[in-house]
Every structure is written in structure tokens, then in C-alpha cells.
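Asker: What follows is a predicted protein model with its sequence.
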Amino acid sequence: MFRPYLIDNLKFDLRIYVLVTGCDPLRIFLHQEGLVRFATHEYKPPVPKNLGDICSHLTNYAINKNDPNFVFNTNNELDNVGHKRGLA
């Protein structure tokens, strides 16, 4: 069975911004900043009983921001706080 990568036992995704300016030769510019979005519930392997717990399986901000466990980062200086973090 598939075992996802986890950070602090939470599923996550990376949003990294790139600009492709050419294909031959390939030219790609990677933006210095990006985002990491975390699920708000600890991951448990999917079984029929927990499939409805979307906050442990999905990292979508629109879903997780309404969960009571969601932590907002209110300090722009801290990149290691909250369920939506900057990559810098």
C-alpha cells in the first residue's frame, strides 16, 4: 500500500512557482518563495471508517481553514508555524 511522505505525521504538499522561458534549450527560473500546506488531522492509512475525514487526507486550504485544529500563522517572520507556511 502507498505510504505518503509526512511531516509531523501530517500530509503536506509543496507549492513551488517556476517560470519556463524556453524549451530548446530548456530555461527554467525557480522563484525563491513558495508554500507548504498541511492537513490539520494526523494521517492514518485509509480504511472505509476514516475515508470521510477529509482533513487528514487532503491539504487543500479551502477545506482545512475551517477546521478547529487549523493554525493560522500571524507572524510573517516565522516560517515554521501553522498549517500554511512559507518556503523561503
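Answerer: Sure thing, it's come through.
Asker: who does the one residue sitting closest to the centre of the chain bridge with?
Answerer: In the chain, the residue lying closest to the centroid (C-alpha atoms, centre = their mean) is R37, at 2.3 Å. Here R37 sits in beta bridges with D13, K84, going by DSSP bridges.
Asker: Regarding S56, what is its secondary structure?
Answerer: Classification of S56 by DSSP: H, G, I helix; E, B strand; the rest coil places it in helix.
Asker: burial count for it?
Answerer: Around S56 there are 21 other residues, counting by other C-beta atoms under 10 Å. Where you see a C-beta, it was placed from the backbone N, CA and C, and this is true even at glycine.
Asker: repeat for G86
Answerer: Neighbour count of G86, defined by other C-beta under 10 Å: 14.
Asker: now D8
Answerer: For D8, the count of nearby residues is 8 (other C-beta under 10 Å).
Asker: Tell me how far it lies from L19.
Answerer: 31 Å (C-beta to C-beta, to the nearest Å).
Asker: for Q32, same thing?
Answerer: Where L19 is concerned, Q32 sits at a distance of 12 Å (C-beta to C-beta).
Asker: R85 too?
Answerer: Relative to L19, and taking C-beta to C-beta, R85 is found at 22 Å.
Asker: The two: who's more crowded?
Answerer: Neighbours were counted for R85 and for L19 using other C-beta under 10 Å; R85 has more, 19 against 9.
Asker: which residues in this protein form helices?
Answerer: Secondary structure of the chain (DSSP state H): helices at 54-57, 61-64.
Asker: name the helices or strands packed onto the first one?
Answerer: The helices and strands touching helix 54-57, judged by 3 or more C-beta pairs under 8 Å, 6 or more residues apart in numbering; DSSP states H and E, are helix 61-64.
Asker: same check, this time on the last one
Answerer: For helix 61-64, the packing partners by 3+ C-beta pairs under 8 Å, 6+ apart come out as strand 26-38, helix 54-57.
Asker: how about the longest one: buried residues?
Answerer: If I follow you right, that is strand 26-38. For strand 26-38, the neighbour count (16 or more other C-beta atoms under 10 Å) marks V36, R37, F38 as buried.
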